[in-house]
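>>> Next come a sequence and a model predicted from it.
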Amino acid sequence: MNFLLIGSGGREHALAWKLAQSRLLRPEGREPGKLYAAPGNPGVAALAECVALDVTDHGAVIAFCEANHIGLVVVGPEAPLVDGLGDSLRADGFPVFGPSKAAAQLEGSKGFTKALCDRAGIPTAAYARADDAASALAALDDFAIPVVVKADGLAAGKGVIVAETREEAEDAIRDIFGGMFGTAGASVVIEEFMTGEEASFFALTDGATVVPFGSAQDHKRVGDGDTGPNTGGMGAYSPAPVLTPVLRGQVLEKIIVPTVRQMAVEGTPYSGVLYAGLMLTEDGPRLIEYNCRFGDPECQVLMMRLQDDLGEYLYACADNALGRMPAPKFSPDTALTVVMAADGYPGTPEKGGAIGGLDEAEALGGKVFHAGTAMKDGALVANGGRVLNVTATGANVTEAQAAAYRMVDALDFATGFCRRDIGWREVAREAEG
Ligand code: AMP
Ligand code: GLY
């Protein structure tokens, strides 16, 4: 079987690394299959044949799949899913890992998800949805301060404003309806501010069977101690011990399974990975948001720990056959990844900076996944905001963190930076014993 992996980030490098090891690419007694990636990145290019495809041109993707006998398309990022690429491919008979356009609304529209949670009784923040500034401003009266104001649609992780004052909330509403996030801000969701620790939970589903697929904790702010502006994520580790077995059971039973069931009942079954952003409140886990894809960089740490054949699990999701698969096995070790970003990120990142020392870093035992890198005149350079994901494992978070920073220190990336405290919450808990 041949695979086509769509995307170009660190997440896709990690997926390519595991997919390249799949038995599905090595059927007994037959020609080995091929892993293609569109567009991939220099890290992915060491594992896959990278091809230039315009993923917004569904016809072109289908033509590629036909010409290259693709047996499974794995869609990494959310935009092509929300745009319905999965539907177009499935209509032509190609198995796809990733939800339909209708089901991807779980990430594509915050209002959609809030209304679904209401219908299914899923614990989440109280909310109001408004389609114009006047009604949004009026709805603010029903919420205490701080309050959370969100653009309804996809805004590259930037469409959420936690307002500490009423004025800030009003400004956010005016900015969003003023077009700050383009069409993503045609509608606004106002939410009760929840307090607690955040954690992420992943599940694979084919629309009927649900299989837990690991937990992680992300670090969204750019600076040490969780300061500065939000980013796509500056580092992560897995598992997240804060999600105890009891809490994981509650997340599955009260959040994930009712969501999958409700989506199926409403005629929009969800298939793919369901990534739940959770707030662990005093009243138990509550949903902050869903993503319809693997997290980036959470995927990198999940893949470091996965001991089973990723290709077989993703194919089973696409083939509505997840019920036939045994529970996936993950290493009990901790994996931790540190994002090396280009100076300027999350504003305007400096492109073109030289990167060296990858072999030296990996010789210490972990993996350096490429995100925004490019080859220029035969040399590796920075080509985006988040550039590398330096990933190591250890017996606990403290050890995995030390191992990851040893790798970071072996790298040579003068125009890059990273946080020095990834995993700090758990490292502190481990120090307390
Ligand atoms: P989201 O993109 O929806 O995950 O939101 C980004 C971040 O905003 C989350 O990781 C939380 O830190 C914060 N956030 C979002 N919604 C809420 C909420 N209702 N209460 C408290 N914090 C929130
Ligand atoms: N790291 C956060 C995300 O992938 O949405």
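On my side now, so go ahead. Model, not experiment: these values are computed from the prediction. Residues are numbered from 1 along each chain as shown. Ligands and ions are numbered 1, 2, ... in the order given.

>>> Look at the residue of the stretch 51-200 of the chain found nearest ligand 2 and give its secondary structure.
Per Cβ to the nearest ligand atom, residue 157 is where the stretch 51-200 of the chain lies closest to ligand 2, at 5.9 Å. All C-beta atoms are positioned from the backbone trio N, CA, C, and that covers glycine. Classification of residue 157 by DSSP: H, G, I helix; E, B strand; the rest coil places it in coil.

>>> Phi first, then psi, for it.
phi 80, psi 10 (degrees, to the nearest 10).

>>> So it sits against residue 230, correct?
Yes. The criterion here is Cβ atoms under 8 Å, and residue 157 meets it with residue 230 at 6.6 Å.

>>> list the contacts for the residue of the stretch 51-200 of the chain closest to ligand 2?
220, 230-232 (Cβ atoms under 8 Å, 6 or more residues apart in numbering).

>>> which of those residues has the weakest pLDDT?
Within the contacts of residue 157, pLDDT reaches its minimum at residue 230, with 88.

>>> Report the buried residues of stretch 195-203.
Within stretch 195-203, the residues that count as buried by 16 or more other Cβ atoms under 10 Å are 196, 198-203.

>>> oh sorry, the question was meant for stretch 168-181
Neighbour-count burial for stretch 168-181, counted by 16+ other Cβ under 10 Å, picks out 168-170, 172-173, 175-177, 180-181.

>>> Same list (those) but as TSV, adding pLDDT.
TSV is the format used below for the buried residues of stretch 168-181 (pLDDT from 0 to 100):
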residue	pLDDT
168	95
169	96
170	96
172	94
173	95
175	92
176	92
177	93
180	88
181	89
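
>>> Residues in contact with stretch 237-244: which ones?
With contact meaning Cβ under 8 Å, 6+ apart, stretch 237-244 is reached by 197, 199-201, 214-217, 251, 278, 280, 285, 298, 301-302, 304-305, 330, 334-337, 397, 400-401, 422-423, 425-426, 429.

>>> Number of residues surrounding whichever residue of the stretch 1-150 of the chain sits closest to ligand 1?
The stretch 1-150 of the chain approaches ligand 1 most closely through residue 125 (3.7 Å), counting by Cβ to the nearest ligand atom. Residue 125 sits with 21 neighbouring residues when counted by other Cβ atoms under 10 Å.

>>> That one against residue 194, yeah?
Yes. Between residue 125 and residue 194 there is a contact at 5.2 Å, judged by Cβ under 8 Å.

>>> tell me, what's touching these two both at once?
Taking Cβ under 8 Å, 6+ apart as the criterion, residue 125 and residue 194 both touch 279, 286, 288.

>>> Give me the number of neighbouring residues for the second one.
Just to be clear, that refers to residue 286. For residue 286, the number of neighbouring residues by other Cβ under 10 Å comes to 20.

>>> does ligand 2 sit close to the helix or strand hosting it?
Using DSSP states H and E, the element containing residue 286 is strand 284-291. Yes. Counting by Cβ under 6 Å from any ligand atom, ligand 2 has neighbours in strand 284-291: residue 291.

>>> Could you check how far that strand is from the centre of its chain?
In this view, strand 284-291 has its centroid 14 Å away from the chain centroid, taken as Cα atoms, centre = their mean, to the nearest Å.

>>> what inclination does the helix or strand following that strand have with respect to strand 284-291?
Under the assignment DSSP H and E, the closest C-terminal helix or strand after strand 284-291 is helix 298-305. Helix 298-305 runs at 100 degrees relative to strand 284-291, counting by axes from the mean of the first three to the mean of the last three Cα atoms, to 10 degrees.

>>> Give me the pLDDT value at the spatially closest residue to residue 420 that is not a sequence neighbour.
Leaving aside its chain neighbours, residue 420 sits nearest to residue 224 (5.8 Å; criterion: Cβ to Cβ, 6 or more residues apart in numbering). Residue 224 is assigned 97 on the pLDDT scale.

>>> close enough to count as contact, residue 224 and residue 422?
No. Counting by Cβ under 8 Å, residue 224 stays clear of residue 422, with 9.4 Å between them.

>>> show me the contacts for residue 146.
162-164, 193.

>>> Count the neighbours of the one residue in the stretch 251-400 of the chain that gets nearest to ligand 1 for me.
Nearest residue of the stretch 251-400 of the chain to ligand 1, counting by Cβ to the nearest ligand atom: residue 289, 3.6 Å away. Residues near residue 289, counting by other Cβ under 10 Å, number 20.

>>> and the helix or strand harbouring residue 191, anywhere near ligand 1?
Here residue 191 sits within strand 188-192, counting by DSSP H and E. Yes. Residues of strand 188-192 contacting ligand 1 under Cβ under 6 Å from any ligand atom: 191-192.

>>> how about the helix or strand just after that strand against ligand 1, any contact?
Later in the chain than strand 188-192, the nearest helix or strand by DSSP H and E is strand 197-205. Yes. Remark: strand 197-205 sits within contact range of ligand 1 at residue 198, by Cβ under 6 Å from any ligand atom.

>>> Next, see if the helix or strand that comes right after strand 197-205 gets close to ligand 1.
Using DSSP H and E, the next helix or strand after strand 197-205 towards the C-terminus is strand 210-218. No. With Cβ under 6 Å from any ligand atom as the criterion, ligand 1 is not reached by strand 210-218; the gap is at least 7.7 Å.

>>> Moving C-terminal from strand 210-218, which element do we reach first?
Per DSSP H and E, the first helix or strand lying C-terminal to strand 210-218 is strand 221-223.

>>> Which residues does that next one contact?
Under Cβ under 8 Å, 6+ apart, the answer for strand 221-223 is 227-231, 234, 341, 345-346, 419.

>>> Return the member of those nearest to residue 388.
residue 341 (8.7 Å; Cβ to Cβ).

>>> Near that closest one, how many other residues are there?
Using other Cβ under 10 Å, residue 341 has 26 neighbouring residues.

>>> Now it: closest residue in space that isn't a chain neighbour?
That would be residue 386: by Cβ to Cβ, 6+ apart, it lies 5.2 Å from residue 341.

>>> Give me the neighbour count for that neighbour.
By other Cβ under 10 Å, the residues close to residue 386 number 25.

>>> how about the nearest residue to the residue positioned nearest the centre of the chain, chain neighbours excluded?
Nearest to the mean C-alpha position of the chain, by Cα atoms, centre = their mean, lies residue 295 at 1.5 Å. Residue nearest to residue 295 in three dimensions, not counting chain neighbours: residue 275, with 5.5 Å by Cβ to Cβ, 6+ apart.
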